[in-house]
Each structure stands twice: as C-alpha cells, then as structure tokens.
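**Student:** no FASTA, just this:
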C-alpha cells in the first residue's frame, strides 16, 4: 500500500497501459515452486513461442491493476536466508554457496543453470538488484554471461512532467522490454514520484541520490554535506530503491583533467561533485565516506552503480586521462564495496568512436574485477542530434558484444529535450535491438531461436506470426497496412515490395520444394540428376509464379 | 533535354524539393579550373564550416530547376582522354597514369591528394561510377580509403508509385546525403521513369537490368534470353546508367545449396536466375556471356556491381556455403572485368550477426582483389521489422569500419512495404550515421572535424549552430522546440533536460573558466595551488549557477 502521506489522488485516478501486447498473452510457468511469467506468442501453425517478459502484471488480462494499492508483494512470500557476516545480500549468499529464490527465478527466466547464476554473482561478475524493501519487483540479473539488459531513464525535471506521466512511462517502458528503470527526477515531489513508481514497478528501480540531496539544499552544490547525502540515501533505501548511482570516483585532483576537454564534464552528478570539490578544496564526501555508504547499502541489499562522472561527452574526449583516472578509482571502490558484501556494477560512457569502444570494456574488466559494466550507449558520433538513439545503438551493440552487461537507453530527444511516451518506446525498442544483436554475437544459448522463428514465419508468409514475434508488433503491422491494408494481404504469398508476380521469397520456396521433391539438396545430387529433372520442372509449369489468390 | 518520346507532362509539372538545407547554403569552390560544390554552414561565432554536398543544384537558391530540360551537363565541358587499349574508362586511364577531371573533382570533394584517387582506382580498390552518357552527375568515388558512401534505393513496383514520386525521391534522397541512387523499378514505364531520373540526377545511378528484362518477357523468368538481356543492358548504358548489378555469380550448381536454408534465396535477381537455371538446366547466361557484358560496359565506362544473388536473408543463413560459393565466383569475374578495363565493385549481405561480419570483408578482399565492397546493411538481427534501418545500421557501421566502401540503405519499411518520402529520409540519415561512424573509426583525415565543431557548439550552447551542423537540422530543431519552443531558448545556457538551475554543461564551463583563470590545467597545478584558489572560488560566489536570462 502506498504511503498515505505521499498519495496524490490525481495519480490514483490516472490510468496506465494494460493488456497484452498484440499476438501474445501472459503465461506463467511453474518452476520449482516459483511462478515465472513469460510472454507467450501463439503461432498460426499451432506452435507457441515464449519470450522473456519484463512487463509485470500490466500485460496480464486477468490481473486487477490498482495503482493506489501497488503491485502484489511477490518476494515477501519467499524465504530469505540469514545474513552472512552481517550482509543480507545476494553476493554474500552466493559466496556462501546459498541458492536464493531470486537466483532460481532468474535461472528460469534466462533458461540457464541456477549454479551459473550463483557462481557469477559470487564472483561479482553479475548482480541481482533487489532491495529487500522492493518486494514487488520480479528478480533479474545483470552480468555478461546472461541476456544483455536494457535500462530506461524516466523522471520529471524542473521544466516539465507530472507524477502520473512518470508512472505511465515506467509501465510503458517495461511493457516494451526495459529490464530496469532509473528515476532521475530533479524537480518537485521527488520522494512522492518515486513512491508511486516503486510500489507499481515490476522491474528494479535505480536512482541517483545526489539529485534529491541537491534539491534539499535548493540546488546549490556547495551547500551539500555528507549528512544530507547520507540521510537521502537512507530515505531511498527505505523506499526500496534497488540500485544507486554514486559518483564517488570524481576526485578533486581529476577535475583539472577536464579543463581542456571539448565538452568538459557532462554528467550531472559529476559536475555537482566537481563543483563541490573545487569550492571546498576537499576530497569528495562520496569518496571519504564510501565505507559508510557500503554499510547502509548492505542492510537493504542495494546495489552500487558506481557512476562515471567524468565520462566523455564528445568523440574528442573519449578514452582520455580524466575518464580513465576515474575508472581506476572505481576499481578501488569496487573492492571495498565487495568486502562489505555489497553488489557493484560500473557505469561507462558516453561518446566513443567505434575503434575506441572495446578498450573501455577491457580496462573496466581489468580494473574492476569484471564487475558488470553498465554503459550509456556509447554514441559512435556526435553529428546526429534527433537520431542519438541510433548513433548510440551502434556503440551499444558493439560494447555489449565486448561484454557490457546492461545498456542505458538513449531516446531520439537526447541532447534536445525530455522524452515523451513515443520517445521512450523508440528508445527501448532500439536498445532491445542492440542488446539482442549482442546476445546473438555472444552466442547466448537461446538468443537465435527468436530470429529463426521469425525468419521462418517470414519465409512462409505467416505475416501475423512475423508481427507477433517482432519487438514491436503494432508498428510492424501498421507499416504493412500502409501499402496493403486488407486482411487477405496478411496471408498473401507476396508483399508490396515486389508485388504478386515478382516475389523472390515465392520463387525461392518453389526452388526449395522442387529441389526437395527431387532429392537435389547438395551439389553432387544436382550435378548427377539435374538434366532430367529440369525438363520435369518446365513440364510442371515452372511453378515459380503460382497464381496468388 | 529529355527524350521527347518518354516525356510525361505530369512529371514536368510536378515539383521537387528545392532550396538550401536550414542553416547552410550552396557554395562553390574553384579548384584547378573545376567548380566543386560544398554545403557551407555559417556559424553564429563568425566561422563557417563546409560539408561534403551530394544535393546538386536543387539546394542552390540561385539555380533554375527545369525537370523537363534536365540538369546542366557538367561533365560535357570536360576533356576526355583517349581510350587506352580500347577502354575509355577511369580504370584504364588510372592504370596509364592519367589523372582525369573526374579524379581532380573527387580529390577536391574528399580533401585528399589526387594521386591517391588515381592510385586506388588503378589498383581496382576504388571505382568512379560515371557513364559517359550521364554528364549531369557530379563525380564521386567508392573505395575504402575514401569517405564511406551511401546508396538509396528508389523505384516503383507493380503495386504502387508514380514517376513524379520517384523523381522527387531521388532529389530528396540526394538532398539528405545519398551518394548514389539505385532505380529498382519493376512495374510499368521502367524506361520512362529512368529517363526522368537520369536527366535530373546529380549523383550516379545504378540499376539491375534483369528487372527490366523480366518485364519484357511478361514476368516469366524461364522466358528470359541472353539477347533480351543484352539489349536491355545496351538500352540502359545508352541512357547513362552509371553502374549495374549483374548477378552473374548465381551458378546452377549453387542453387541446391540454398534448399535447406531458413530463408532460401531472398535476392530478386538471384531468384530469377536460379529459376532460369533450374528450368533450363543450363548455366546462367550472365555467367556464360560475361565477357560480352564487359565489352558493352567498357564502351560507356559503366561500373559492374557484381550482385550477391545468394546473400543470406536471415541470421541462420549468414556466411553459409551458398553465399561464399557465389563470392568465390564473383572473384573470378572481377579479374575478367578488370582485364577489359571495366570497373568493378562487389555486393554483400544481407543478414549477418555481428560476430560474423568481419569475415565477410576479409573474404571479399581476399577473393576479389579488394574491389570495393558494397553491402546491404547487414541486419544484425531478424527480430525487429519496422526498425530494420536500425538493425542494419549496426551491421553497416561495423562492416564499413572493416572496409566496406558503400552501404546500401535500409528503410523502416524493409520487409513490410515500399518506403515513402519520410522513410527515404530516415533511411538516408540513418546510413549517414553508420557511414560517418565508420569514417571516424577508420580515422579518415577530416571526419572528426564535424563532430568537434558540433560538440563545441553544443558545449557553448550555440543551439542554432548545433542544428545547422547536424545531419538533420529540421528534426533536431523541431525536437528542441517541443519542450522549449521560444526563440530565447535557442540561446539559453541550459536545456530542457535539467532546467536552468541544474545544468552540467553550465557547471562544467564554469569549472573550466575557473581552472583556466588560475592556471589549474593539470594535476600538478591543482595539487600545488588549489588550497588557496578554492577560497577564491567561494568568494567569487561559486559561480556554478549563474542566473540565466
């Protein structure tokens, strides 16, 4: 139930998007006492195909959605092991050889052995962001041996956006596949906005606590103190935030390294801490109090997302001294966090040309003990504002192939404005493409099954199945409708590109049928048998242009 | 002047898009007796920045556009060297050490030495598609040492589209940066459509002659003959087509290699030839008559684009036996074409997962003597119909980084329908991103200048300059307008993402100003001098949140 103090009836009465995605329905698989959701696509050939599902109860047509009550507290029913050495975290349990319910749930979702889940978490190569106080979230894992994950940023700013809009953006982003959501609100009502999001989110939520701390000092970074920051972290841990960006690697001595950059410091958190360090000529309180932050986070099992406050904001600044100096410090902090049993991931750039991308992963793995890398793109060029979802999807696919575990999406509005609902969807879908392309390239055991299923549907002109298996069935269908709107076109053995008489897929299917009928499926067979068979092919009417109804 | 027999007054009276792209104007640079166009961006800080310009006279506000008369015949004024060994081709001339006007024009556009242009053409590592009968086109080069180029496909089909629409698509695509256009018309009026496009195109035009040949036999591939095909090639050479896709590598014995594929043969040309070979049980006439095609093309200096009729149409089929068998044959044909002095490029896939992309370039270069590679994407996954411009831009950027010289665009309508005007623009811009990302990664001498200039403008809050330097100023501006429409916002030192109080770019600029004022531009300086300086920073009001007007 939502905290009554922060309830806003305008949100209660607002609506969010519900109901299944076209061509699919929510299905639950019972595995080992756990009920794990999948998105089941029923195919017109009688088969079905199950997809990893991030959308929560919102796509379950049998579920009752009550924003005021919040989602069911799924994980409250599960047994929680005792703390190990004071740490009640997935990391501590994994190290102790304990397999948690969260690990089993994740193994089922990923289709991978639960021992792999535990081993990767124990090694610090994967994290399970799951605050004990966020029982509504469905557990998921971030690590390079698993499916590449996608984060979507939402959040209001001083300029625009309401709480109801942000809740809908959260539901909307997870509907299309966002694996986690970061609430980056910086305007009014930060606590209240977050409360509505937390209680209604089926995916883990991340935040950047320094944003809220700054609001508490009326936006003056020099007025920030450790105490204000600490209290903000505790407040957010209590609310259930699953992971927190902490820019503890922005050290006083690194700030001048940014002075000659083309684009200076582009991270908000980074610039706040740089301003604080310069003004006080003291080392960042995030760095000097880092162990106290560890002690707080371990109580809730909140995961660190060590922020890259000095990430490059342009191609010119990629892989420079400031960026890599900070990364080295993040490596030190990783070891400290893990010594407290706190899970850690590392944030990465930003703007990086393609030939400098892989070096980022290599260095991160070397310096940070292969803690999961979580990158923003990177954008492979600066020259395409309004298309930065694309410039960054190129970089994102490459960096994920190299080992990045989670990608923070970029929307078409990057650098230009705040994303609206359509932008959020385009950003999520674009990043699902980058993530899946990397899953294929890394040969994740199940990744190619979806490509094969969709391509088979395409080759067999099962248009409905092609749409249903795609990342965005609604848009795929609407594009097909634009040229061939009638329902018969959805089963026609041609499409608008070539028209009915001239379809390579149709010809190709005929070639296959012919070859198979005549046992001509390899080079030797055709050399031996084609002379006789070709005559038959012609006699049969050279069925390459069958009349299409 | 357009051939009167093919004139259609509805086209004469139609309009095409003219006028400069926002924030820029057409400028001509006189180099060595040649007048070379650039797109000049005038910056608000008094500088200017010149961009490579593919748009022809249409963006020159002083030019008179008369579709009926066609564009001025630029190259008719230039001196043409005598044939060398019977070949009047850029390849023959380059081999003989002759520098043509086309080579000088190209060197000026690329900002590279003309000797490099000649040497790369002589080696067959670059081509200049420039039919003597297409004097309207502005010369350009396709080769891995040069800027990565983008082709846009247009063309009507049996189902939809008119001639006027196709002419506008050509103008529109080259406006946004398409370096060549392929006219893939398959419906009625193929000759007439092409005539209008040829006479009005500022960029080289490519075709697939088998499409028109097939129309001449009423769409029955088994009725095709060498003579019909030959006459079609001659007809198109006479019209001025600059390069032609010839699927001469689809051999009879390769067809069965596709039988067990998930998506068979997806190339239209490939499937036509496969059907012909099977029906007649004879080797492809494109292969058996290849030397006669060479003799025709050399007379006009038409460039071969050796088609990949067996390219994979799905992730499952990538890099398979059929694909690479054909590529080996294309290697043989490359040597034959070059022995006739005919320029050659090689077409490539298709659908390829990221980890199998580079192998395509390596093998193409090995088998085809580094002839320029010209690829369609490739799509890095099959699962995103409606977003295949993005799935393929990922593959395109990677394959271009590896050495592909020209990328054939893919629009959002790929697999679903025919692209409209908006789709063409999105396709071109997306591919300009992929091409430019590769130029950066290959460290083309001038590529990063544009990124740096735009990023400087971004950092200095010169919004107008940021838009003008971007690939699509109109869309960038409209996105900015959505949240902050007022003109003062275009010079405001903040944007809608963070609002006025909370801008990292603003903080960062202050940090820089402060550091520079105090000589704190390296680590030693700050260690030595920061203690004293920090006090001064606070006294000066910690100017990180200057009031913004």
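**Tutor:** That came through, no problem. Note that the coordinates shown come from a computational prediction; the quantities given were computed from them, not determined experimentally.

**Student:** show me where pLDDT drops low in chain A?
**Tutor:** Low-confidence regions of chain A, defined by pLDDT under 70, span residues A:1-13, A:157-161, A:485-489, A:491-506, A:508, A:510, A:512, A:514-549.

**Student:** element containing the most centrally placed residue in it, please.
**Tutor:** Taking Cα atoms, centre = their mean as the criterion, residue A:150 is the residue nearest the geometric centre of chain A, at 1.0 Å. Remark: residue A:150 resides in strand A:149-154, with elements defined by DSSP states H and E.

**Student:** partners of that strand, with directions?
**Tutor:** strand A:180-183 (parallel), strand A:406-408 (parallel) (DSSP bridges).

**Student:** Whatever helix or strand comes next after the longest one near chain B at all?
**Tutor:** To tie it back to what came earlier, the one meant is strand A:180-183. The element immediately downstream of strand A:180-183 (helix or strand, assigned by DSSP H and E) is helix A:190-200. No - Helix A:190-200 does not reach chain B (Cβ under 8 Å from any Cβ of the partner chain); its nearest approach is 12.4 Å. (Each C-beta comes from the backbone N, C-alpha and C, glycine too.)

**Student:** Could you name the helices and strands sitting against helix A:190-200?
**Tutor:** With contacts defined as 3 or more Cβ pairs under 8 Å, 6 or more residues apart in numbering or on different chains; DSSP states H and E, helix A:190-200 has these neighbours: helix A:163-175, strand A:180-183, strand A:205-207, helix A:209-216, helix A:226-239.

**Student:** Does chain B have contacts with the last one?
**Tutor:** By that I understand helix A:226-239. No - when contact is scored as Cβ under 8 Å from any Cβ, no part of helix A:226-239 falls within range of chain B; the minimum is 15.8 Å.

**Student:** burial measure for residue A:82, as a count.
**Tutor:** By the other Cβ atoms under 10 Å in any protein chain shown criterion, the neighbourhood of residue A:82 contains 9 residues.

**Student:** Reduced to three states, what does it come out as?
**Tutor:** Using DSSP: H, G, I helix; E, B strand; the rest coil as the criterion, the local structure at residue A:82 reads coil.

**Student:** ok, the residue nearest to it when sequence neighbours are not counted - contacts?
**Tutor:** Excluding the flanking residues, the one nearest residue A:82 by Cβ to Cβ, 6 or more residues apart in numbering or on different chains is residue A:88, at 7.6 Å. Taking Cβ atoms under 8 Å, 6 or more residues apart in numbering or on different chains as the definition of contact, the neighbours of residue A:88 are A:80-82, A:132, A:298-299, A:301.

**Student:** which residue packs closest to the residue nearest to the centre of chain A, ignoring adjacent ones?
**Tutor:** Leaving out its chain neighbours, the residue that sits closest to residue A:150 by Cβ to Cβ, 6+ apart is residue A:431, at 4.3 Å.

**Student:** Based on its surroundings, how many neighbours for the one you found?
**Tutor:** Residue crowding around residue A:431 was assessed by other Cβ under 10 Å; the count is 33.

**Student:** how close does it get to residue A:31?
**Tutor:** Applying Cβ to Cβ, to the nearest Å, the value for residue A:431 to residue A:31 is 28 Å.

**Student:** most neighbours, which of the contacts of residue A:88?
**Tutor:** Counting by other Cβ under 10 Å, residue A:301 has the largest number of neighbours within the contacts of residue A:88, with 29 neighbours.

**Student:** For that residue, which non-adjacent residue is spatially closest?
**Tutor:** Counting by Cβ to Cβ, 6+ apart, residue A:89 is the residue found nearest to residue A:301 once chain neighbours are left out, at 4.3 Å.

**Student:** Helices along the stretch 301-450 of chain A, start to end?
**Tutor:** Listed in chain order, the helices of the stretch 301-450 of chain A (DSSP state H, counting those that start in this stretch) span residues A:321-339, A:357-367, A:388-401, A:421-441, A:447-459.

**Student:** Those: which one's closest to residue A:240?
**Tutor:** Distances from residue A:240 to each of the helices of the stretch 301-450 of chain A were compared using Cβ to Cβ; the minimum, 19.8 Å, belongs to helix A:321-339.

**Student:** circling back: for residue A:265, which of the helices of the stretch 301-450 of chain A is the nearest?
**Tutor:** Closest approach to residue A:265 among these is made by helix A:321-339 (8.3 Å; Cβ to Cβ).

**Student:** Quick check: which helices or strands does that closest one pack against?
**Tutor:** Helices and strands in packing contact with helix A:321-339 are listed as helix A:290-300, strand A:303-306, strand A:344-348, helix A:357-367; criterion 3+ Cβ pairs under 8 Å, 6+ apart.

**Student:** could you say what helices and strands the third one packs with?
**Tutor:** I take that to be strand A:344-348. Applying 3+ Cβ pairs under 8 Å, 6+ apart, we find strand A:344-348 packed against strand A:303-306, helix A:321-339, helix A:357-367, strand A:373-376.

**Student:** Kindly reformat these as a markdown table containing distance to residue A:110 and mean neighbour count.
**Tutor:** Putting the helices and strands packed on strand A:344-348 into a markdown table (distance: least, Cβ to Cβ, whole Å; neighbours: other Cβ atoms under 10 Å in any protein chain shown) gives the following:
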| stretch | distance to residue A:110 | mean neighbour count |
| --- | --- | --- |
| strand A:303-306 | 18 | 29 |
| helix A:321-339 | 23 | 20 |
| helix A:357-367 | 21 | 19 |
| strand A:373-376 | 18 | 26 |
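
**Student:** If anything else comes up later, I'll come back, but that's it for now.
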